[in-house]
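Trainee: Fold the following and give me the result.
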Amino acid sequence: MMRIDMNESRAHLLREQERGQSLVELAVSMVLIMTLLAGAVDIGRIFYTYVSILDASQEGAVYAAIEPGVDADIIARATNSSTAPIDLRNDPNVSVTVSPVAASRCAGAQATVAVTYNYTFTMPFVGTFVPFASIPITATTSSIILRDDC
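Mentor: Numbering: from 1, shown residues only. Have a look, this model is predicted:
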């Protein structure tokens, strides 16, 4: 005579339900972890891009302090300073401005070089959590003009 133990049957059913619950918890946790990882990667790339355009603006400002006369030369010096993580020479999202106008750049005056880059997020699902597709990153550097072209 075989006797079925009801407690054993209930224990088996509970184990099966717990295994299903664990899979659901894993799926929800993995989505959250992957979203955080994608955000961390983009934040790291934003910082790396900022450092690159900051170096470019500093390079342009140093050049403007020594050769303040021609805007195209200052912009070329700034854009030629970096090819990674963004190629400043060939990327249409990069803009470089020099102020003040060349006629007012005399010795002792201040020249300012601003480099702006429109950063677009690389992780495709990060865009669903932020209300914008790209963010402008700007680095500005000023320097005192040393050479007089007035």
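Trainee: Which stretches in the protein count as helices?
Mentor: Here the chain has its helices, by DSSP state H, at 6-66, 71-79.
Trainee: Just the CA trace of the shortest one, in CSV.
Mentor: Once side chains and other backbone atoms are set aside, the C-alpha atoms of helix 71-79 remain, and they are given as CSV (Å, rounded to 0.1, in the frame of the first residue of the first chain):
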residue,chain,number,x,y,z
ASP,A,71,40.8,83.4,-36.7
ALA,A,72,41.2,80.6,-39.2
ASP,A,73,44.7,79.8,-37.9
ILE,A,74,43.4,79.7,-34.2
ILE,A,75,40.5,77.5,-35.2
ALA,A,76,42.8,75.2,-37.1
ARG,A,77,45.1,74.9,-34.2
ALA,A,78,42.3,74.0,-31.8
THR,A,79,40.7,71.5,-34.2
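Trainee: pLDDT of it, averaged?
Mentor: On average, the pLDDT along helix 71-79 is 94.
Trainee: Which helix or strand in this protein has the lowest average pLDDT?
Mentor: None of the helices or strands of the chain scores lower by mean pLDDT, DSSP states H and E than helix 6-66, at a mean of 85.
Trainee: circling back: may I see the helices of the chain arranged in CSV, with distance to residue 86 and mean neighbour count as well?
Mentor: For every residue, glycine as well, the C-beta is placed using N, CA and C. Converted to CSV, these look like this (distance: least, C-beta to C-beta, whole Å; neighbours: other C-beta atoms under 10 Å):
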stretch, distance to residue 86, mean neighbour count
helix 6-66, 6, 14
helix 71-79, 10, 19
